[in-house]
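Chemist: coordinates only, sequence not included:
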């Protein structure tokens, strides 16, 4: 089955199941429509049931030609729905809404095909994936119970000449009974109604328990990042308290965690994606960091393949205000990119040479020269940096000959300028 066709068939199955669950009970309760509408609706159910059979065999990877595979509950139920009951009832009995149409309610169970349909959208938010099936299924369940209550006589409320009012009363009774908070204004009268009301209350315990658990789970997930962050803060606070850490250091630690929450929601960027395959990591980091890396003259003409190799090697760093990133005279070990914050470049005599901000870089000469650092780099604020060390840069050069030749020519040019 073509890849694009499968989600469309799943959506068709879901929509038909929704229509069956909503429309068919009302039709059987006597809501009048022209006979041809019943026939067209019945043909839709028959056609969709054939689709459901095909989907079943595709999803379970079963052979359509094997008779043993047909002797399963789901295909047999769908085969029952393939029969055009409305047309047969109209021809033989003169009534297109005979109770035999109840058989078509078996097709309503396919409303859960909404889940595999949503699976076809990889970028769908988890909240949507979990709530959409609930929001589709709950109205159908309430509607079916309300229609069954009307069919049983509506209890003490009794039948009403206005079908709309009768239906609204049934919906009201259904919700209060499912929620097990019935107010006693509409109560069952016959034993059958009592048994039905009891079963609805038991169903309500399960259904609303399921809904509430999903909502509670989603609410917990929505604040999971803060809970994770606060747990880390609590552990650090306990550690500092047990070791009698001075208030000045405590203040700096708390400042760091406040910055970590405000900028990263308590998570390390690299740690979040470390479980992904290297290829996806490089593509993701390339999308995030390529605008910064492309500003470095050395990389302006670099190929996409080289940049992807370099992206996976970038190491994130967080530095605090007044922290020295490197000092003048240090061995040049790599290049730094500024994602957030400000960095001062200071001469050996303490004079500020430049103030660099987000999107800028420094220390690039360490990649092409063995000379020590000519100046110091000091963080003015909290900074998010990415660091590319020389060894990883050299490994990338070995895999990309054209770029290595460019670097060699740059080195020769710089050496000529120095001499």
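Modeler: Structure's in. What do you need? These figures come from a predicted structure and were not determined experimentally.
Chemist: can you say which helix or strand has residue 171 in it?
Modeler: Assessed by DSSP states H and E, residue 171 sits inside helix 163-178.
Chemist: which other helices and strands contact that helix?
Modeler: Under the contact definition 3 or more Cβ pairs under 8 Å, 6 or more residues apart in numbering; DSSP states H and E, helix 163-178 sits against helix 126-151, helix 191-222. Placement of C-beta: from N, CA and C, glycine included.
Chemist: show me what counts as buried in it.
Modeler: 166, 167, 169, 170, 171, 173, 174, 175, 176, 177, 178 (16 or more other Cβ atoms under 10 Å).
Chemist: circling back to that earlier point, mean pLDDT lowest for which of the helices and strands packed on helix 163-178?
Modeler: The minimum mean pLDDT among the helices and strands packed on helix 163-178 belongs to helix 191-222 (a mean of 79).
Chemist: that helix - contacts with which helices or strands?
Modeler: By 3+ Cβ pairs under 8 Å, 6+ apart, helix 191-222 packs against helix 126-151, helix 163-178.
Chemist: format those helices as TSV; extra columns: distance to residue 337.
Modeler: As requested, those are arranged in TSV below (distance: least, Cβ to Cβ, whole Å):
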stretch	distance to residue 337
helix 126-151	32
helix 163-178	57
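Chemist: for those, which one sits closest to residue 403?
Modeler: Proximity to residue 403 (Cβ to Cβ) singles out helix 126-151 among the helices and strands packed on helix 191-222, at 40.8 Å.
Chemist: report the buried residues of the closest one.
Modeler: When neighbours are counted by 16+ other Cβ under 10 Å, the buried residues of helix 126-151 are found to be 130, 133, 136-137, 140-150.
Chemist: what helices and strands are in contact with it?
Modeler: helix 5-28, helix 114-119, helix 163-178, helix 191-222.
Chemist: kindly reformat those helices as TSV containing distance to residue 102.
Modeler: Below are these laid out as TSV (distance: least, Cβ to Cβ, whole Å):
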stretch	distance to residue 102
helix 5-28	7
helix 114-119	23
helix 163-178	18
helix 191-222	16
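Chemist: re the thing from before, most widely separated two among the buried residues of helix 163-178?
Modeler: Longest span within those, Cβ to Cβ: 166 and 178, 18.6 Å.
Chemist: list just the nearest of the buried residues of helix 126-151 to residue 58.
Modeler: residue 133 (20.6 Å).
Chemist: surely that closest one is in contact with residue 115?
Modeler: Yes. The pair residue 133 and residue 115 qualifies as a contact (Cβ atoms under 8 Å) at a distance of 5.6 Å.
Chemist: next SSE downstream of the helix or strand of the chain with the lowest mean pLDDT?
Modeler: Lowest mean confidence among the helices and strands of the chain (mean pLDDT, DSSP states H and E): helix 269-273, at a mean of 60. Next helix or strand after helix 269-273 toward the C-terminus (DSSP H and E): helix 278-293.
Chemist: same for that next one, what does it pack against?
Modeler: Helix 278-293 packs on helix 269-273, helix 304-311, strand 334-340, going by 3+ Cβ pairs under 8 Å, 6+ apart.
Chemist: now with 7 Å, please.
Modeler: helix 304-311, strand 334-340 (3 or more Cβ pairs under 7 Å, 6 or more residues apart in numbering; DSSP states H and E).
Chemist: buried stuff in the longest one?
Modeler: Across helix 304-311, burial judged by 16+ other Cβ under 10 Å covers 306, 307, 308, 309, 310, 311.
Chemist: present those residues as a markdown table; the columns should include pLDDT and distance to residue 328.
Modeler: What follows is those, written out as a markdown table (pLDDT from 0 to 100; distance: Cβ to Cβ, whole Å):
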| residue | pLDDT | distance to residue 328 |
| --- | --- | --- |
| 306 | 79 | 31 |
| 307 | 78 | 30 |
| 308 | 76 | 34 |
| 309 | 77 | 31 |
| 310 | 78 | 26 |
| 311 | 76 | 29 |
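Chemist: could I get these as JSON lines with distance to residue 41?
Modeler: As requested, the buried residues of helix 304-311 are exported to JSON lines (distance: Cβ to Cβ, whole Å):
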{"residue": "306", "distance to residue 41": "61"}
{"residue": "307", "distance to residue 41": "57"}
{"residue": "308", "distance to residue 41": "55"}
{"residue": "309", "distance to residue 41": "60"}
{"residue": "310", "distance to residue 41": "61"}
{"residue": "311", "distance to residue 41": "56"}
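Chemist: hmm, who's touching stretch 165-177?
Modeler: 142, 145-146, 149-150, 154-155, 157, 159-160, 182-183, 186, 197, 200-201, 204 (Cβ atoms under 7 Å, 6 or more residues apart in numbering).
Chemist: any chance you could list what contacts whichever strand or helix holds residue 386?
Modeler: Using DSSP H and E, residue 386 sits within strand 383-389. Residues outside strand 383-389 that contact it (Cβ under 7 Å, 6+ apart): 263, 289, 310, 313-319, 333-341, 343.
Chemist: ok, of the residues you listed, which come out buried?
Modeler: Here, 16+ other Cβ under 10 Å leaves 289, 310, 313-314, 316-319, 334-341, 343 buried among the contacts of strand 383-389.
Chemist: so who does residue 153 touch?
Modeler: 159, 193.
Chemist: with residue 25 instead?
Modeler: By Cβ under 7 Å, 6+ apart, the neighbours of residue 25 are 143, 144, 147.
Chemist: let's go with 8 Å and repeat that
Modeler: Neighbouring residues of residue 25 by Cβ atoms under 8 Å, 6 or more residues apart in numbering: 105, 143, 144, 147, 148.
Chemist: try residue 376
Modeler: 324, 326, 327, 328, 345, 346, 347, 348.
Chemist: Provide a ChimeraX selection command restricted to the buried entries of those residues.
Modeler: Written as a ChimeraX command, the selection of buried residues from these, which uses 16+ other Cβ under 10 Å, is:
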select :326,328,345,346
